[in-house]
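1. How does the following fold in three dimensions:
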Amino acid sequence: MAATITDIVGQENPDAVIATTITSYALSSMLTGAVFYAMGKFKFGYIVGFIPRHILIGCIGGVGWFLVATGFEVTARMDGSLEYDLATLQKLVSPDTIPLWIIPLALAVLLFYGQTKITSKYFLPLYIIAIPVIFYFFVFSLDALEPDALREQGWIFEGPPSGEPWWYFYTLYSTSQTSWPPCARFLLTPTQSSSWSTGVPSYNASLPCLP
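-> The predicted structure follows:
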């Protein structure tokens with residue numbers, strides 16, 4: 001989304017790019033929630049039955065693979081999207097990158113099989129909460145593990161600059177800086193990510209983005 005908006009608004013207007021991007025995210029999310037609520041409120045769920053089953057399965061499978069690819073991108077700290085080339089393979093199998101994605105993958109597999117054995121509704125939230133608790137237990141217990149070094153190696157996300165308030169993000173919203181026509185153009189045309197992951201373009205008709 002940011003790349004598309006940057007191409008439309010122009011790299012020479014970084015404030016407008018940021019404001020337009022986060023506004024597009026916010027409005028499209030609210031519109032999606034409103035549509036889903038309306039479909040449930042007026043019992044329009046039966047409309048899904050008119051869509052062929054194999055198309056639904058294909059779309060769901062495409063979204064699933066998109067999430068898997070995004071998982072590799074985030075855990076391996078890759079720049080840009082996951083590319084199917086030799087450079088990406090070399091990045092994934094490099095000694096300093098393998099632990100970054102192999103541990104989350106192992107935890108995901110363990111969770112998958114754990115849910116088949118443990119039926120308690122508390123298993124999933126406790127499992128997810130236990131991961132950062134155990135991680136930071138070893139970080140603060142072992143002198144060899146320094147947060148700054150772990151951050152440089154990709155184990156911890158980059159934090160905000162020192163002195164930046166927690167509410168700084170909300171100051172990026174600006175109606176004067178938001179470029180409304182590009183916002184509408186982006187949300188009313190097929191998204192690149194959806195067509196890549198599912199093979200079928202998806203349309204985000206976010207009418208509130210119109211001027």
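2. Which of the helices and strands in the chain ranks last by mean pLDDT?
-> Every helix and strand in the chain was compared by mean pLDDT, DSSP states H and E; the lowest is helix 192-198, with a mean of 41.
3. For the protein, which residues score under the pLDDT cut-off?
-> For the chain, applying pLDDT under 70 flags the ranges 182-211.
4. Could you pull out the strands in it for me?
-> Taking DSSP state E to define them, one finds no strands in the chain.
5. Of all the residues in the helix ranked longest in it, which ones are buried?
-> When the chain is parsed with DSSP state H, its longest helix is helix 14-41. By 16 or more other CB atoms under 10 Å, the buried positions in helix 14-41 come out as 16-24, 27-28, 31. Where you see a C-beta, it was placed from the backbone N, CA and C, and this is true even at glycine.
6. distance of Thr75 from Ile103?
-> Using CB to CB, to the nearest Å, one gets 8 Å for the distance from Thr75 to Ile103.
7. And for Gly33?
-> Relative to Ile103, and taking CB to CB, Gly33 is found at 34 Å.
8. show me what contacts the residue most central in space within the chain?
-> Geometric centre of the chain, nearest residue: Thr70, 7.1 Å, by CA atoms, centre = their mean. Residues in contact with Thr70 (CB atoms under 8 Å, 6 or more residues apart in numbering) are Leu82.
9. Outside of stretch 168-186 itself, list whatever touches it.
-> Contacts of stretch 168-186 (CB under 8 Å, 6+ apart): 1, 4-5, 8-9, 13, 15-16, 18-20, 22-24, 26-27, 160, 206, 209-211.
10. quick one, phi/psi of the residue lying farthest from the centre of the chain?
-> When distances are taken from the C-alpha mean of the chain, Asp143 lies farthest, 33.1 Å away, according to CA atoms, centre = their mean. Phi and psi for Asp143, reported as degrees, to the nearest 10, are phi -70, psi -20.
11. what do you get for Tyr173?
-> phi -70, psi 130.
12. Tell me how many other residues crowd it.
-> 13 (other CB atoms under 10 Å).
13. Give me the neighbour count for Gly80.
-> As a burial measure, Gly80 scores 8 neighbours (other CB under 10 Å).
14. now swap in the one 10 residues further on and tell me
-> Here the number of neighbours of Gln90 (other CB under 10 Å) works out to 10.
15. and the gap between the closest residue to Thr88 other than its chain neighbours and Glu73?
-> Nearest residue to Thr88, sequence neighbours excluded (CB to CB, 6 or more residues apart in numbering): Leu82, at 6.4 Å. Using CB to CB, Leu82 is found at 5 Å from Glu73.
16. What ranges does the protein have for its helices?
-> Using DSSP H, the helices of the chain run over 2-9, 14-41, 53-75, 86-92, 98-117, 123-141, 147-153, 180-187, 192-198.
17. Return the most buried member of the ones you listed.
-> Most buried of those by mean neighbour count (mean count of other CB atoms under 10 Å) is helix 180-187; its value is a mean of 19.
18. and the longest helix of the chain, what other elements does it pack with?
-> Applying 3 or more CB pairs under 8 Å, 6 or more residues apart in numbering; DSSP states H and E, one finds that helix 14-41 contacts helix 2-9, helix 180-187.
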